[in-house]
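A.B. asks: Next comes the sequence, and after it the predicted model I'd like to discuss.
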Amino acid sequence: MSRTAFGRLIFSKEMNGGKIKPLHNMYVRLLDDDGIFSSPDPMTKDGVYTDMDGKFSFTYDPAKAGAFDRPDLKIQVLQKEPKYNKNGDLEPREVEVKGYEPEVHNNVTLDQFDFGDIEVKYWEYKPQGISYTPRLHIDKANGYPIMQDQHKARDREGRYKEAMAVGEAFFPSVCKTKQKSLDNPGHARCDTAFVDLALNGFNPCLFKKHKDGRLYIDFKYDGIELDGDYWGPNCSAFFNYNEDTGDLKVESIEITNRIGAWVRGANACLGKPVVYKPTDGDNWDKAKRVWRMNYFLFGEVVTHLGGTHLNIEQYVVPMMRNVRRNPIFNLLFPHTYGTVSINEGADNLLTGGMALVPLGSALSKLSVATAAKASFGAMNWADWSPRKQMNENHYFAKLQQEFWDICTKHVDKYFDEHEAEIIEFWEEIKLMSDELVAKANPYGAQGDEVWFCDREINKPTSEHPHVGHCHVAVSPITKDAKITPENKEQNFANLKQMCRYILLLTTFKHSWVNDSQFDIGGWPEFASLGMRFDIFDPAHENKDPVAFSIKHLQTTITWLLRNTKWGYITKDEARDMHPELLKLLNEKKDVFEEHKPIEEIRSCINV
């Protein structure tokens, strides 16, 4: 005689302000658990999905508990994750969700058994005020495995010791080798290399237009409180650009110091800018070093940490909380599941109180948060497209466009193949979109700045909903809970655009930035995150502006981050890469070979 067991999964009320939020479309199994001397046995052949209200129901045969035994019932909560077999067919793996206490109900005899509400700490947000961007609350009780087994940093402690040894042995020799190359044409400190760094380096820059027709790139500490131990000048590099020929040359560098009694303060007064030109000899080399310092520092905080790591986390968390049966989950999950755990590690390695950035630059832990949060106002999936290629040497822009085209083809085909299921489970996209917007940071309008190319800029013409007391940076993906013939085209276009954006940032863009860190950070005399004093001041002549301990730390960490070799698209170690993406990328192998071989493009942000 069959019986029924039912209940409801909900998110943790503690983590959601006491409110009840159903855990919808989650896969659950009904088990008979006789205790520590045997493994739990399934009471039904298959599990079931909770409905949109988080409710589940099983019809089971109590005889499956065994002769002369009564069922000892408990619920197992599972997450289905994509994995492909050797033929390229999807064979999802089931991963048990943590973050709840699977209570066992012994000797159940009721024909109708109610588990009641089962609370699950599942991908919960950090409380507001603790985090300056939308972040996952990670603890041992949360329903998120701290690091997925497939993308675990293998022997992290051993890799760090290896990196320390490299820092000790390699750091002095790399400086000596680089120094010998200074007399050679095209050396790293020449003006041609300076332009290449701006276009294609660790922090590929977007140029602004000056009213006099020149292009410029600026890095400013305006509105940021400095730590007081390091020098923090604003720095702008100006360029002459011939759009017809593509000729781009650095023309001057402008350095502006803070002045007055309170130079640390966020609203410190600025002195008169000092302009340096290529004819200024040693001072020109010093000016380029100052610009590289700000380039490196803002590259780490804004482009690397903010633009890839934390930017993607604000999409990952609402996706994991709301999207499960919509095929978009299988499309994006393999490229996002390392992000939040790595971001937690970055808090300690790069930006925490005793980490590289606060120890080695003018930014304190608090000012890192200020700079990163401000940068979030300029980030949005909507209306984003790759920057214009400025000349034939602008290979970052060329390859980014190529990868964007690959993402477009991949996403378009995927949507064609899964259109029916995307429509069927569209409500999940609506829930993700609502949460994404509700948690978004304030929109940062660009003021009077004019960009040479604004394709990657968060435009005022994009939709910026009013949430709380401000307009937010991120646009809604959809406002519709269901797809109709009237709204399908725009909704699909929006979702495709968001998918392309996430795919490019988690793979190509992050790989480019992360793996270029040691190229610039492995030689602190060339580029450091900070300097202890004004190198133009004669009082500090022949003094080293960077402490040896900081040089060692910078070399060690940048080497470690580049040389964590796990999780690449074409290697497909976890067998979770979509076969179509592999096919499209291999077709463009020759295009990427010289500057970013496809074998070096990571599958997700896992380092």
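C.D. replies: Cool, the structure landed.

A.B. asks: now the strands: where do they sit in the stretch 351-500 of the chain?
C.D. replies: Along the stretch 351-500 of the chain, the segments classed as strands by DSSP state E, counting those that start in this stretch run 466-467, 470-471.

A.B. asks: In the stretch 51-200 of the chain, where is pLDDT below threshold?
C.D. replies: 128-131, 139-186 (pLDDT under 70).

A.B. asks: Residue 122 and residue 203, how far apart?
C.D. replies: Separation of residue 122 from residue 203 (C-beta to C-beta, to the nearest Å): 36 Å. Placement of C-beta: from N, CA and C, glycine included.

A.B. asks: And the strands of the stretch 351-500 of the chain: which comes nearest residue 401?
C.D. replies: strand 470-471 (30.0 Å; C-beta to C-beta).

A.B. asks: ok, that closest one: who's next to it in the sheet?
C.D. replies: strand 466-467 (antiparallel) (DSSP bridges).

A.B. asks: What mean pLDDT does the partner strand get?
C.D. replies: Here strand 466-467 scores 96 as its mean pLDDT.

A.B. asks: and what of stretch 285-296?
C.D. replies: On average, stretch 285-296 scores 97.

A.B. asks: Show me what counts as buried in that stretch.
C.D. replies: 286-296 (16 or more other C-beta atoms under 10 Å).

A.B. asks: what does stretch 224-235 give?
C.D. replies: Result for stretch 224-235 [16+ other C-beta under 10 Å]: buried residues 224-227, 230-235.

A.B. asks: Which of the residues you listed fall within strands?
C.D. replies: 234-235 (DSSP state E).

A.B. asks: I'd like the buried residues of stretch 224-235 laid out as CSV, including pLDDT.
C.D. replies: Shown next, in CSV, are these (pLDDT from 0 to 100):
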residue, pLDDT
224, 91
225, 91
226, 92
227, 88
230, 95
231, 95
232, 94
233, 96
234, 97
235, 98
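
A.B. asks: chain center to stretch 114-130, what's the gap?
C.D. replies: 23 Å (C-alpha atoms, centre = their mean, to the nearest Å).

A.B. asks: Over to stretch 324-339?
C.D. replies: 14 Å.

A.B. asks: so the residue lying closest to residue 96 once chain neighbours are set aside is in which element?
C.D. replies: Nearest residue to residue 96 in three dimensions, chain neighbours excluded: residue 78, at 5.8 Å (C-beta to C-beta, 6 or more residues apart in numbering). Residue 78 is part of strand 73-81 when elements are defined by DSSP states H and E.

A.B. asks: by contact count, what packs against that strand?
C.D. replies: Contacts defined by 3 or more C-beta pairs under 8 Å, 6 or more residues apart in numbering; DSSP states H and E place strand 73-81 against strand 3-11, strand 27-32, strand 93-96, strand 112-120.

A.B. asks: Buried deepest among those strands, which one?
C.D. replies: Ranked by mean neighbour count under mean count of other C-beta atoms under 10 Å, the helices and strands packed on strand 73-81 are led by strand 27-32, which reaches a mean of 22.

A.B. asks: name the helices or strands packed onto it?
C.D. replies: strand 41-42, strand 48-49, strand 55-60, strand 73-81.

A.B. asks: List of residues touching that strand?
C.D. replies: 5, 9, 40-44, 47-50, 56, 58, 60, 64-66, 71-80, 94, 324 (C-beta atoms under 8 Å, 6 or more residues apart in numbering).

A.B. asks: Equivalent analysis for stretch 404-415, please.
C.D. replies: Outside stretch 404-415, the residues touching it (C-beta under 8 Å, 6+ apart) are 327, 331, 385-386, 422, 492, 495-496, 499-500, 503-504, 578, 580-581, 584-585, 588.

A.B. asks: now with 10 Å?
C.D. replies: Residues outside stretch 404-415 that contact it (C-beta atoms under 10 Å, 6 or more residues apart in numbering): 327-328, 330-331, 384-386, 422, 492, 495-504, 507-509, 578, 580-585, 587-588, 591-592, 598.

A.B. asks: which of the residues you listed count as buried?
C.D. replies: Looks like the contacts of stretch 404-415 have 327-328, 330-331, 384-386, 422, 492, 495-504, 507-509, 578, 580-582, 584-585, 592, 598 buried, using 16+ other C-beta under 10 Å.

A.B. asks: on that earlier part again, in helices only, show me the buried residues of stretch 285-296.
C.D. replies: Residues of the buried residues of stretch 285-296 located in helices (DSSP state H): 286-296.

A.B. asks: Show the contacting residues for the nearest residue to residue 543 once chain neighbours are set aside.
C.D. replies: Excluding its sequence neighbours, the residue lying closest to residue 543 (C-beta to C-beta, 6+ apart) is residue 533, at 7.2 Å. Residues in contact with residue 533 (C-beta under 10 Å, 6+ apart) are 229-231, 539-540, 543-545.

A.B. asks: Over to residue 375?
C.D. replies: Residue 375 neighbours (C-beta under 10 Å, 6+ apart): 133, 298, 301-303, 305-307, 310-311, 441, 444, 473.

A.B. asks: What is the nearest of these to residue 418?
C.D. replies: Among these, and counting by C-beta to C-beta, the member closest to residue 418 is residue 311, at 25.8 Å.

A.B. asks: Assumed the closest one was part of a helix.
C.D. replies: Yes - secondary structure of residue 311 (DSSP: H, G, I helix; E, B strand; the rest coil): part of a helix.

A.B. asks: mind showing which ranges of the chain have poor pLDDT?
C.D. replies: 128-131, 139-186, 349-350, 352-353, 446.

A.B. asks: Residue 107 versus the spatially most distant residue from the centre of the chain, what's the distance?
C.D. replies: Distance from the centre of the chain peaks at residue 68, with 54.8 Å (C-alpha atoms, centre = their mean). Plainly put, residue 68 is 12 Å away from residue 107 if you go by C-beta to C-beta.
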